[in-house]
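Novice: Give me the fold of what follows.
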Amino acid sequence: MKINNYLDSTYLKTPQQSGLSEEQTREKVDELTREAIENDFFEVMIRPNFVKEIKEYLLKNNSNVKVGTVIGFHEGTASVDEKYSEAQQAINDGADELDFVINYEAYKKGDLETPKQEFIKCTQLGLENGKVVKWIIEIAALTDEQIVDLTRNIRIWAEENFKAEDLPNIFVKSSTGFYPTENGKPNGATFEGIQLMLENAGSLSVKAAGGVKSPEDAEKMIALGVKRIGTSSAKALVSDEEVQGGY
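Specialist: Numbering: from 1, shown residues only. Sure, this is the predicted structure:
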């Protein structure tokens, strides 16, 4: 199976998180972009501050690789207006896809209205501008019952507020890869969590982010039904290598 076109090749660490300098971080993003072009990956997934220059670089090189970025990352607790403004700037800078972190903390406290309103407002913005919109639910922070319920609610909000032809451009995504877990619990996609998402996403697509550590895992995720895989080790996956660490 050729998995290249399912891969969102990802680098989202800030210099503070990685211990690298600003210049070294920029070099990482540039390297990620060159690898994506060379290996025909679907997308590079990068921080918003890199979107403009990377989009210009891809256009200059006549590449079909898409540019995705993250909004409200990684905690998801920014206000609706803050997420909307950040997304608008990313659109202005040339982003093709917007991966929002839904306010799962509000959801866990029983507040369904906040995630609903941010979903509707920000999804509308993305769709009106011809963008793919993905919503990260952070499955490591949720119980199985919450994964089911939040995925199902996102599907309902999408079906109630957007046209059927828009739904293929709305994804539910598993993870940021930054959620702190304990006792060795995975902080990214698991087969069990992805299965729950797929069973409840309806006509929405599912993205498995983080935790895909081998070409076999990637193929299994695709066989389950995911439409995209987010990974910081895309090159290793297509080189039939076991991923050591990373997202």
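Novice: Just give the nearest non-adjacent residue to E199, would you?
Specialist: Spatially, and ignoring its direct neighbours in sequence, E199 is nearest to V148 (7.6 Å; C-beta to C-beta, 6 or more residues apart in numbering). Glycine gets a C-beta too; all of them are placed from N, C-alpha and C.
Novice: Now do the one helix or strand the one you found maps to: which elements does it pack against?
Specialist: Secondary structure from DSSP states H and E places V148 in helix 144-161. The helices and strands touching helix 144-161, judged by 3 or more C-beta pairs under 8 Å, 6 or more residues apart in numbering; DSSP states H and E, are helix 104-108, helix 113-128, strand 170-173, helix 191-200.
Novice: Nearest to L59 among these would be which one?
Specialist: Across the helices and strands packed on helix 144-161, L59 has its closest neighbour in helix 113-128 (20.3 Å, C-beta to C-beta).
Novice: tally of neighbours for K185?
Specialist: Residues near K185, counting by other C-beta atoms under 10 Å, number 10.
Novice: That one falls within a helix, correct?
Specialist: No - assessed with DSSP: H, G, I helix; E, B strand; the rest coil, K185 is coil; it does not lie in a helix.
Novice: Phi, psi for it please.
Specialist: Phi and psi for K185, reported as degrees, to the nearest 10, are phi -70, psi 140.
Novice: Quick check, it in contact with A140.
Specialist: Yes - counting by C-beta atoms under 8 Å, K185 touches A140, with 6.6 Å between them.
Novice: looking at the helices and strands packed on helix 144-161, which is closest to L58?
Specialist: helix 113-128 (19.4 Å).
Novice: Show me what the following helix or strand past that closest one pairs with in its sheet, parallel or antiparallel.
Specialist: Downstream of helix 113-128, the next assigned helix or strand under DSSP H and E is strand 132-136. With DSSP bridges as the test, strand 132-136 is paired with strand 97-101 (parallel), strand 170-173 (parallel).
Novice: Helix or strand: which one has T10?
Specialist: Going by DSSP H and E, T10 is part of strand 7-11.
Novice: Packing partners of the next helix or strand after that strand?
Specialist: Later in the chain than strand 7-11, the nearest helix or strand by DSSP H and E is helix 15-18. For helix 15-18, the packing partners by 3+ C-beta pairs under 8 Å, 6+ apart come out as helix 22-39.
Novice: Give me the mean pLDDT for the next helix or strand after the helix it packs on.
Specialist: Downstream of helix 22-39, the next assigned helix or strand under DSSP H and E is strand 43-46. The pLDDT scores in strand 43-46 average 98.
Novice: angle of the very next helix or strand once past strand 43-46 against helix 22-39?
Specialist: The C-terminal neighbour of strand 43-46 among helices and strands, as given by DSSP H and E, is helix 51-60. Using axes from the mean of the first three to the mean of the last three C-alpha atoms, to 10 degrees, the direction of helix 51-60 lies 30 degrees away from that of helix 22-39.
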